[in-house]
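Q: Only the shape, not the letters, is given here:
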């Protein structure tokens, strides 16, 4: 069937579906204007709170979705020319039993909390969330399409108090922390959510039906705010840092000083400019390095705040992987091949340096979201030294590079949207351009019971003005998203030339997927269970070019939470037919045949309210073919809370793969390529220990240590045939690997003023990689500590300066 008519048919089905009864009740509450604001201490004893309308009659979200809350909650709203102020009294018959564990900012541990959700454009898509715990810990986030982005940070005030009737809170949210229209009369989406951790009850002012899609769209309405103007949103955050670095190969410490600034400017009520000048990411948590024997690159999480905060628009299309910016230089691994006789590498940076980065993002009153991001990295060089003459020279590993992304995103009715996006990477020195252009959409019917979702993308690469590669990608999904039983049909086609990896990340192209997903969610308590979730999917995959069958898989997943708040789940997959892996051989035209297989796992999670809690996960897999692959995995993660301020966690994971067939080597003789496949046994052991001591809601000390040991031992080698099968070979090179990674990250953090912080960080890292496999853990650990160690101690001061505060105090 032609794809355009198919889309039209699905749209007609979508909007012709019968109307079903859904939750459409939206409560309303009025905010009262005041001249004098209260003291933000959480006591609610200021006269200004008298005669203010009360939002009450909260409804359970968990465990009995839709039932009245067992705990009375009363919320009031007042406002001034500069801020919205919320006061909430949370009644509790057992104030001494209120959970109030301390945590770092933007982390909620074992604690009660109050959440204020504000949707200033009242569009059901975008919102701001502000959370406070009885211990005064703040947590905030931007919420887009019901996904919380807690990397977004605002500057706001809060105060809490535990009293004889329960606990109370006051929040002062300045208008500078929000984006809202310039209307004389404001109508904002609003919800108030409360968590009573002792009994695991979560309640909301406006009912949130779990069987409905989304939760921001299920907010109530805040009225009464009139004649307030969006303020000038301008802030500066300069920083200064000092680094003391030492390698165990050298006796002296190196000292480095860095300085720079972040700038935020509200262009208007809708759009914000963020600039990062001379950034410093030296205190970001170390990456968890692993031994990667697969044909795909390792994807690391983004932990740099600039690239995680207010970046929701840049997630459109899935074509932007921010770790490309300031990542590993493209020619870093080529340096060794460029060495002359008697030369050695003295320095080879593992990341390129960012000069600056800028982004503009936001959404206007008509629902148009605009996102623009641009970043530049400077020339990166490795240094090599002649061991005889002592002379050094530099080798360029990455030239100056510019990264750019543009997004236009239009909100539509029923929490639908359509987007256009483009990424562009440009290297002037080589006149290299990589461009990816696409569109993405979600359409929901008026009752939000069904949706149609899709995207179409084109990738292009240009070298000296000539295009050498054009690829395309399209995806279409249609399904039922409302009720206990939901389903979805998913189709995706990725051409063999599609490649977004200059600024994005895609592990495999050249595939066609057709997937049917079925799901059941039982949210009503039944018998000894609180909730039940079941998932089943059928996945057929084929090659795009040449058109060939690849694999057929059945995936399953089920989990149940019991009334004692212990949860258990099972998961796994079955591949009943043999299939072909076209990527493992690394050489075009080859494939590796793999037999039918089955995989199953089970996990258990205990009640986190208790001082001691534990998570356990175990799985087993087997392939039914000549290679007789067997896989095992076991993971255990106990945690103990010594007090409301001190907690420790330990994680041990062990993986073992036996009789695994994988790529070993290839060689070319007389124009013919031979691919060697090795039969190997691999094992992976990871130990991770973390501890957190929270002095108060402004200062903390955290410790994290990780040791990762992986080894691969090759037993036999084979020659890969074009039909995917292997035959015996006399190849006998040593491909064994013994890999170790050890890291320590210890951080003291003190938020001495709103938006300002002093951080002291110690980082220790050790990497070792050789072909002599160790068989005893203790001996391996000793060899690891004998390897080169890198130590870094740094002090960083960040100070937040708000223009409006300076103006009012000036």
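A: Yes, it's here. Everything numeric here is computed off the predicted structure, so don't read it as measured data.

Q: ok, now which ones touch the nearest residue to residue 506 once chain neighbours are set aside?
A: The shortest distance from residue 506 to any residue that is not its chain neighbour, by Cβ to Cβ, 6 or more residues apart in numbering, is 5.6 Å, and that residue is residue 500. For the C-beta atoms, the positions are set from N, CA and C on the backbone; glycine is no exception. With contacts taken as Cβ atoms under 8 Å, 6 or more residues apart in numbering, residue 500 has the following neighbours: 319, 423, 436, 457, 459, 473, 506.

Q: Equivalent analysis for residue 702, please.
A: So, once contact is read as Cβ under 8 Å, 6+ apart, residue 702 ends up touching 104, 690-693, 745-747, 749.

Q: Turn the contacts of residue 500 into TSV, columns for secondary structure, pLDDT and neighbour count.
A: As requested, the contacts of residue 500 are exported to TSV (DSSP: H, G, I helix; E, B strand; the rest coil; pLDDT from 0 to 100; neighbours: other Cβ atoms under 10 Å):
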residue	secondary structure	pLDDT	neighbour count
319	coil	96	26
423	strand	98	27
436	strand	97	27
457	strand	98	23
459	strand	97	26
473	strand	97	23
506	coil	95	17
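
Q: Now stretch 476-490: average pLDDT?
A: Confidence over stretch 476-490 (mean pLDDT, whole number) is 96.

Q: What of stretch 246-253?
A: If you average the pLDDT over stretch 246-253, you get 84.

Q: Give me the contacts around it.
A: For stretch 246-253, contacts defined as Cβ under 8 Å, 6+ apart pick out 244-245, 254, 788-792.

Q: what's the most distant pair in those residues?
A: For those, the maximum inter-member distance is 17.4 Å, found between 244 and 788 (Cβ to Cβ).

Q: Check residue 446 and give its pLDDT.
A: Model confidence at residue 446 (pLDDT) stands at 89.

Q: Could you look up the SS state of it?
A: Going by DSSP: H, G, I helix; E, B strand; the rest coil, the secondary structure assigned to residue 446 is coil.

Q: mind listing what the nearest residue to it once chain neighbours are set aside touches?
A: Nearest in space to residue 446, with sequence neighbours left out and distances taken as Cβ to Cβ, 6+ apart, is residue 414 at 5.7 Å. With Cβ under 8 Å, 6+ apart as the criterion, the residues that contact residue 414 are 443-446, 448.

Q: Please apply the same query to residue 146.
A: For residue 146, the residues meeting the contact criterion (Cβ under 8 Å, 6+ apart) are 214-217.

Q: ok, 6 Å please
A: The neighbourhood of residue 146, defined by Cβ atoms under 6 Å, 6 or more residues apart in numbering, consists of 214-216.

Q: Over to residue 419?
A: For residue 419, the contact set (Cβ under 6 Å, 6+ apart) comprises 316, 409, 440.

Q: The first one touches residue 405, doesn't it?
A: Yep, that's residue 316 we're talking about. No - counting by Cβ atoms under 6 Å, residue 405 is not a contact partner of residue 316; they are 9.3 Å apart.

Q: Between those two, which is the more surrounded one?
A: In this comparison of residue 316 against residue 405, neighbours counted by other Cβ atoms under 10 Å, the higher total goes to residue 405 at 26 against 22.

Q: Noted, bye for now.
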